[in-house]
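Engineer: here you go, sequence then predicted model.
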Amino acid sequence: MNATSPALSVRNLSKSYGAVTAVNAVSISIAAGERVALIGASGSGKSTLIRMASGLLEADRDVGEVRIFGELVQANGRLASDVRMVRRRVGLIFQKFNLVNRLSVTTNVLIGSLGRHSSLRGLLGLFSKEDRHNARIALAEVGISEHAKKRAEQLSGGQQQRAAIARALVQQAEIIVADEPIASLDPKSAKRVMDLLAELNRKKGITLLVSLHQVDYARAYFDRVIAMRQGTVVFDGPADRLTPSFLTELYGASAEELILPGQSGPGTDFEGGILDVQRIRAAEDIARAS
Ligand SMILES: Nc1ncnc2c1ncn2[C@@H]1O[C@H](COP(=O)(O)OP(=O)(O)OP(=O)(O)O)[C@@H](O)[C@H]1O
């Protein structure tokens with residue numbers, strides 16, 4: 001709403017499941033355009049926080065608030081009545097891609113435009129010429145134009161994740177909230193997905209909040225890291241402070257789960273170069289041609 005509002009503001013949010021406190025009085029603020037990784041061992045509360053932040057899950061009653069670009073998502077454990085409108089600004093990416101397997105890649109991407117139309121129109125496949133044009137551009141931007149007509153289930157994991165990102169682009173998401181987007185991918189596909197997210201942040205100013213298990217990806221791609229342990233935020237600061245010794249200080253023995261010795265991380269040879277340039281040119285060509 002307000003140009004100076006944070007992209008995401010979470011204040012005093014908690015969530016319990018019976019005796020388990022999944023998230024305990026967490027407050028964070030993410031400025032528009034920031035690139036923030038959320039790390040933590042399994043069960044530390046990352047998914048629960050992400051689901052509450054994006055309006056998919058109500059927090060515990062009576063305290064807490066979430067706003068996205070100043071618009072209320074939930075307060076005191078109740079979702080805002082117009083939460084659907086706010087959610088349109090959020091591109092959600094999940095570990096398991098969240099595509100409709102039997103639909104074509106293009107249709108899956110077009111689903112991103114449904115927030116702006118009646119669902120019936122979308123269900124009937126009555127997408128506008130402009131929507132289709134935007135879907136073609138988005139597919140080119142994420143580098144999977146040649147797979148547009150295939151069914152989603154025919155794509156590799158990395159390609160499916162890129163289709164999910166294309167859907168967020170068609171949705172014109174201003175913040176992408178991704179819950180372990182690379183956890184199911186091989187290192188090469190993981191790197192491509194992370195390269196793509198970072199590029200969208202740089203070129204389009206899309207804010208990123210991405211939960212990850214792997215600290216080396218957090219360090220390579222993000223300026224700021226929020227680390228959780230047992231439902232609370234134990235670190236919020238520059239990614240380069242996350243040295244192995246600091247992680248051991250934060251997490252003790254469970255730091256090993258985050259450092260992943262021996263597993264190949266992103267390294268430093270980010271794919272940028274030729275592939276990127278070709279992809280961006282293709283998207284620009286499509287934009288000019290129609
Ligand atoms: N629907 C639920 N019912 C009961 N307990 C839950 C539920 N969802 C999460 N929890 C518990 O809340 C805690 C935090 O879970 P959460 O999934 O948020 O952690 P996480 O950091 O995302 O873990 P992972 O990295 O394994 O996905 C865990 O102890 C989990 O068992």
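Structural biologist: Structure received.

Engineer: need the residues that contact stretch 94-114.
Structural biologist: Contacting residues not belonging to stretch 94-114 are listed as 91-92, 122, 125, 127, 131-132, 134-136, 138-139, 144, 147-153, 155, 157, 160-161, 163-164, 166-171, 178-181, 183-184 [Cβ atoms under 8 Å, 6 or more residues apart in numbering]. For glycine as for every other residue, the C-beta is placed from the backbone atoms N, C-alpha and C.

Engineer: next one: residue 244 from residue 219, what distance?
Structural biologist: As for residue 244, its distance to residue 219 is 11 Å (criterion: Cβ to Cβ, to the nearest Å).

Engineer: those two - which one has more neighbours?
Structural biologist: Counted by other Cβ atoms under 10 Å, residue 244 and residue 219 do not tie: residue 219 has more neighbours, with 19 against 13.

Engineer: just checking, the more buried one touches residue 241?
Structural biologist: No - Residue 219 is beyond contact range of residue 241, at 9.3 Å (criterion: Cβ atoms under 8 Å).

Engineer: mind listing the shared neighbours of the two?
Structural biologist: Counting by Cβ under 8 Å, 6+ apart, the residues touching both residue 219 and residue 241 are residue 225.

Engineer: where does pLDDT dip in the protein?
Structural biologist: 1-3, 116-125, 260-290 (pLDDT under 70).

Engineer: where do the helices sit along it?
Structural biologist: Using DSSP state H, the helices of the chain run over residues 46-53, 83-87, 105-110, 119-123, 129-142, 157-170, 187-204, 215-221, 244-251, 255-259, 273-289.

Engineer: for the ligand, which of those helices is the nearest?
Structural biologist: Taking Cβ to the nearest ligand atom, helix 46-53 is the member of the helices of the chain nearest to the ligand, at 3.2 Å.

Engineer: what about that closest one, near the ligand?
Structural biologist: Yes - Helix 46-53 reaches the ligand (Cβ under 6 Å from any ligand atom) through 46-48.

Engineer: just these now: which is nearest residue 207?
Structural biologist: The shortest approach to residue 207 among the residues of helix 46-53 next to the ligand belongs to residue 46, at 17.2 Å (Cβ to Cβ).

Engineer: distance of the residue lying closest to residue 198 once chain neighbours are set aside from residue 165?
Structural biologist: Take residue 198 and drop its neighbours on the chain: the residue closest to it by Cβ to Cβ, 6 or more residues apart in numbering is residue 221, 5.2 Å away. Distance, residue 221 to residue 165, by Cβ to Cβ: 14 Å.

Engineer: have a look at these two and say which one is more surrounded.
Structural biologist: Neighbour totals were compared for residue 221 and residue 165, and residue 165 leads with 26 against 21 (other Cβ under 10 Å).

Engineer: pull the contacting residues for the residue nearest to the more buried one when sequence neighbours are not counted.
Structural biologist: Excluding the flanking residues, the one nearest residue 165 by Cβ to Cβ, 6+ apart is residue 142, at 5.3 Å. In this structure, residue 142 makes contact with 162-163, 165-166, 169, 196, 279, judged by Cβ under 8 Å, 6+ apart.

Engineer: count of neighbours near the closest residue to the ligand within the stretch 51-200 of the chain?
Structural biologist: Residue nearest to the ligand within the stretch 51-200 of the chain (Cβ to the nearest ligand atom): residue 180, separated by 6.3 Å. Number of residues near residue 180 (other Cβ under 10 Å) recorded here: 19.

Engineer: which ones are touching it?
Structural biologist: Going by Cβ under 8 Å, 6+ apart, residue 180 touches 46-47, 94-95, 211-213.

Engineer: now neighbour count too, for those residues, in JSON lines please.
Structural biologist: As requested, those are exported to JSON lines (neighbours: other Cβ atoms under 10 Å):
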{"residue": "46", "neighbour count": "24"}
{"residue": "47", "neighbour count": "21"}
{"residue": "94", "neighbour count": "18"}
{"residue": "95", "neighbour count": "17"}
{"residue": "211", "neighbour count": "25"}
{"residue": "212", "neighbour count": "25"}
{"residue": "213", "neighbour count": "17"}
